[in-house]
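# Sequence first, predicted coordinates after that:
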Amino acid sequence: MHLFPAIDLRNGQVVRLTQGDYDRQTTYQADPVDQAKQFRDAGSTWLHVVDLDGARTGKLTHAGLIEKICHDTGLSVEVGGGVRSESVIDTLLNAGVNRVVVGTAALKNWSWFEALMGNPTYRGRLVLGLDAKHGQVTTDGWEQTSEQTALDVAKAVTDWPLAAIVYTDIATDGTLKGPNIPATREIAQATDVPVVASGGVGTLDDLTALRELPIQGAIVGKALYENAFTIDQAIQAFEK
């Protein structure tokens, strides 16, 4: 299992949103590259980065900053937000990103996303971002809700050569009130694609509970920035 400390980027700063609401933002003054180095120095091997400006506008905004994070830290990095085309995927992979998260573009242009599975360059490098509110998939930076359920989508890709599914429960994201364990378990059991859980982790007990699920990893953000626990403690609770 892997712990994925999260860095959400907006206007070049490290921020966190509450329940995906762009009007409920907390800005942290840590430089993104320095923050990534702190995670690395504490024992992290992976990093989850979200370009929030890209997620909202559909255009990757922080490519240069993301490349610097990859180059300066040596971490394995997965990135999402604003990935709407093959050229953006290639830009990120060429920048040193290990895995690219595709969410809105995949769900809105399913045939295009499915066709990517035939490209050997992308095998094991693409992650499907499933962000859900009350089980319904959301897109466009969490501002649009579709008729699809996250469970149905997870089942549909069960035999695809994806690196993972990042499942985010929006109702819990940024609240520190605990992850949606039942929904995460249901998603993980419905597909053969590895699942990374995201949203709601607020205590070390939350990580212990997630560790019992058949998942590949868990993303932790706000709890680290709000000093609910340290990254060292999180790694010990989840990975060791």
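Thanks, I have it. What you see is a predicted model, and the numbers here were worked out from it, not measured in a lab.
# Over to the closest residue to Thr172 other than its chain neighbours. Which of the three states is it?
Distance criterion CB to CB, 6 or more residues apart in numbering; nearest residue to Thr172, sequence neighbours excluded, is Gly200 at 3.0 Å. Placement of C-beta: from N, CA and C, glycine included. At Gly200 the chain is in coil, as set by DSSP: H, G, I helix; E, B strand; the rest coil.
# Next, count neighbours for Gly200.
26 (other CB atoms under 10 Å).
# wait, what's in contact with it?
169, 172-173, 175-180, 206 (CB atoms under 8 Å, 6 or more residues apart in numbering).
# how close does the residue in the chain sticking out farthest from the centre get to Thr138?
Taking CA atoms, centre = their mean, the residue of the chain most remote from its mean C-alpha position is Gly118, at 23.3 Å. For Gly118, the distance to Thr138 equals 27 Å [CB to CB, to the nearest Å].
# before we move on, what about Arg16?
18 Å.
# Let me know the secondary structure of Leu213.
Following three-state DSSP, we place Leu213 in the coil state.
# Quick check: it touching Asn180?
No: the pair Leu213 / Asn180 is not scored as a contact, 11.0 Å apart, by CB atoms under 8 Å.
# Mind listing the shared neighbours of these two?
What both Leu213 and Asn180 touch, as defined by CB under 8 Å, 6+ apart, is an empty set.
# residues near Asn94, how many?
Using other CB under 10 Å: Asn94 sits among 10 other residues.
# Next one: it from Gln29, what distance?
For Asn94, the distance to Gln29 - CB to CB - is 30 Å.
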